[in-house]
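*Asks:* Got a predicted structure plus its sequence, pasted below:
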Amino acid sequence: LLAGLPDRKPDPLLALLKKFASNERLDKIDLGVGVYRDGTGRTPVMAAVKSAEHHLWETQDTKSYIGPEGDPSFVSLLTHEVFGEGTVTEKLAGVQTPGGTAALRLSAEILAHDKDRTIWIGTPTWANHNAIFGTVGLSIKTYRFFDPRSQAVHVDEMLSAFESAQSGDAILLHASCHNPTGAAISKEAWSAIAEVVARKGLIPLFDNAYQGLGRGFVQDAEGMLIVLNAADEAIVAISCSKSFSLYRERTGAAFVLGNSATDLNKGVANFAYHARASYSMPPAHGAAIVAAVLGDPGRRKLWIDELASMRSRVSEIRTALADRLSIYAPRLSAVAGQEGMFSLLPVTPENVTHLREVHGIYMPDSGRVNLAGLRIEQVDLASQAIGELL
Ligand code: LMR
């Protein structure tokens with residue numbers, strides 16, 4: 001059995017966490033895994049989350065099973081918070097999942113039910129997307145979305161890829177705060193995607209993992225809503241890891257958008273079937289926290305304010321970094337117009353090794369940087385170290 005298994009390397013992003021932890025340098029900088037850090041370099045538990053946990057400790061009276069669909073009150077509160085009160089919300093049904101990754105995996109499972117379906121993925125994308133969709137046997141086609149050298153977004157190539165897709169194919173879209181590029185697309189581009197989705201009968205699958213860390217919680221859903229309003233059927237995978245700072249609690253949700261209660265029930269039943277066959281039921285704690293935050297006006301307001309201050313810290317770092325890096329490479333002024341925690345720098349894997357070994361600056365070989373890993377006083381030093389390689 002074991003000798004015949006394929007060799008598997010640890011996930012490079014997660015391996016970087018260990019490498020960083022084992023370096024004893026005091027001035028080391030972690031720009032690797034996508035985790036928010038405050039101005040002191042910590043990833044604190046949000047005050048709204050602490051308050052919700054306190055409330056749960058006082059009121060929770062059982063740890064009995066909930067079921068593969070998870071907590072319906074969490075799903076309902078999250079639906080209204082993310083999608084608002086328009087017609088899209090009425091056409092959605094969802095389940096709680098262990099993080100955004102499981103939401104994507106359940107989505108992949110139901111998409112893969114049709115063996116002829118292809119999923120179209122822009123490059124670059126979150127490294128785990130290919131593993132998730134490949135594992136279930138979906139055929140994957142790619143198109144160029146972003147070029148780190150020029151920092152240009154290729155909406156034209158994305159649209160022409162969608163034109164060549166077959167009806168019923170899925171297209172993977174990042175709802176906002178694109179991972180790994182931070183590249184944002186215009187309202188006109190979202191409308192053009194919506195038009196081709198509707199005309200060709202494509203199934204948009206949104207990966208929505210960073211809502212609230214871009215332009216604002218409501219604003220970060222605007223592009224997605226334009227497309228969902230036009231789509232006949234769609235899927236949305238949501239992560240609460242970043243928006244609620246709940247990373248290790250594995251909290252997320254998968255939604256289907258459809259045309260009738262019968263279809264939606266079928267979608268949810270298929271999510272539940274695949275959940276039962278893999279992890280049986282999602283862990284309860286994170287979702288109970290989110291429900292206790294969104295369901296209580298005081299805690300919800302606290303969460304909105306905390307998320308706003310996280311967003312403004314990342315945006316301050318973004319502006320400062322773009323300003324300094326553009327001294328070395330003017331095209332990197334584009335970093336200022338990107339959104340969320342990431343940007344993708346035009347560095348080589350050799351540059352990345354140099355930055356790690358000489359300057360104690362950690363990032364994946366792709367050159368993706370998590371801006372939240374920088375403290376404002378480190379921006380000059382990091383920009384100089386990176387800039388000299390550009
Ligand atoms: C990231 O891209 O850094 C995060 O989504 C964490 C992960 O699981 O890869």
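*Replies:* Ah, there it is. Residues are numbered from 1 along each chain as shown.
*Asks:* For the ligand, what's the nearest residue on the stretch 201-350 of the chain?
*Replies:* Residue nearest to the ligand within the stretch 201-350 of the chain: residue 209 (6.2 Å; CB to the nearest ligand atom). The way it works is simple: take the backbone N, C-alpha and C, and place the C-beta from them, glycine included.
*Asks:* Break down this structure into its strands, ranges please.
*Replies:* For the chain, the strands defined by DSSP state E cover 29-30, 92-97, 118-123, 139-144, 146-147, 152-153, 170-174, 203-208, 234-239, 252-257, 342-344, 361-362, 368-370.
*Asks:* what's the pLDDT at the residue of the chain at minimum distance from the ligand?
*Replies:* Residue nearest to the ligand within the chain (CB to the nearest ligand atom): residue 34, separated by 3.0 Å. At residue 34, the pLDDT value in this model is 94.
*Asks:* How many residues are close by it?
*Replies:* 23 (other CB atoms under 10 Å).
*Asks:* what does residue 66 give?
*Replies:* Residue 66: 18 neighbours (other CB under 10 Å).
*Asks:* just residue 183 next, same as before
*Replies:* 27.
*Asks:* Cross-check the contact I'm expecting between it and residue 144.
*Replies:* No - the pair residue 183 and residue 144 fails to qualify as a contact (CB atoms under 8 Å) at a distance of 11.8 Å.
*Asks:* about what we covered before: ok, and which of the strands of the chain has the densest surroundings?
*Replies:* By mean neighbour count, with neighbours taken as mean count of other CB atoms under 10 Å, strand 252-257 ranks first of those at a mean of 29.
*Asks:* Now do it and strand 234-239, the angle between them.
*Replies:* With axes from the mean of the first three to the mean of the last three CA atoms, to 10 degrees applied, the angle from strand 252-257 to strand 234-239 works out at 170 degrees.
*Asks:* Remind me what strand 252-257 packs against, helices and strands.
*Replies:* Here strand 252-257 touches helix 72-83, strand 92-97, helix 99-111, strand 234-239, helix 261-278, going by 3 or more CB pairs under 8 Å, 6 or more residues apart in numbering; DSSP states H and E.
*Asks:* and those as TSV, adding mean pLDDT?
*Replies:* Shown next, in TSV, are the helices and strands packed on strand 252-257 (pLDDT from 0 to 100):
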stretch	mean pLDDT
helix 72-83	98
strand 92-97	98
helix 99-111	98
strand 234-239	98
helix 261-278	98
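*Asks:* Throw those into TSV and include distance to the ligand, thanks.
*Replies:* As requested, the helices and strands packed on strand 252-257 are arranged in TSV below (distance: least, CB to the nearest ligand atom, whole Å):
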stretch	distance to the ligand
helix 72-83	18
strand 92-97	14
helix 99-111	7
strand 234-239	8
helix 261-278	17
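*Asks:* Now do the end-to-end distance for stretch 174-188.
*Replies:* Across stretch 174-188, the terminal residues are separated by 16 Å (CA to CA, to the nearest Å).
*Asks:* Could you do stretch 133-149 as well?
*Replies:* 28 Å.
*Asks:* residues in contact with that stretch?
*Replies:* 105, 108-109, 111-112, 115, 117-125, 130, 152-154, 157-158, 160-161, 165, 170, 172, 178, 181, 183, 331, 344-346, 367 (CB atoms under 8 Å, 6 or more residues apart in numbering).
*Asks:* How about stretch 118-132?
*Replies:* Contacts for stretch 118-132 (CB under 8 Å, 6+ apart): 11-13, 101, 104-105, 108, 111, 133, 138-146, 148, 158, 161-162, 165-166, 169-172, 174, 179-181, 205, 207, 344, 364, 366.
*Asks:* can you check stretch 56-65 too?
*Replies:* Counting by CB under 8 Å, 6+ apart, 281, 284-285, 288-289, 292 sit against stretch 56-65.
*Asks:* Serialize those to a markdown table and add fields for neighbour count, distance to the ligand and pLDDT.
*Replies:* As requested, the contacts of stretch 56-65 are exported to a markdown table (neighbours: other CB atoms under 10 Å; distance: CB to the nearest ligand atom, whole Å; pLDDT from 0 to 100):
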| residue | neighbour count | distance to the ligand | pLDDT |
| --- | --- | --- | --- |
| 281 | 16 | 21 | 98 |
| 284 | 20 | 21 | 98 |
| 285 | 16 | 19 | 98 |
| 288 | 22 | 22 | 98 |
| 289 | 27 | 19 | 98 |
| 292 | 24 | 24 | 98 |
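*Asks:* Just send these back as JSON lines, with distance to residue 327 too.
*Replies:* Listed next are the contacts of stretch 56-65 as JSON lines, based on distance: CB to CB, whole Å:
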{"residue": "281", "distance to residue 327": "53"}
{"residue": "284", "distance to residue 327": "50"}
{"residue": "285", "distance to residue 327": "46"}
{"residue": "288", "distance to residue 327": "48"}
{"residue": "289", "distance to residue 327": "43"}
{"residue": "292", "distance to residue 327": "47"}
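*Asks:* No further questions, thank you.
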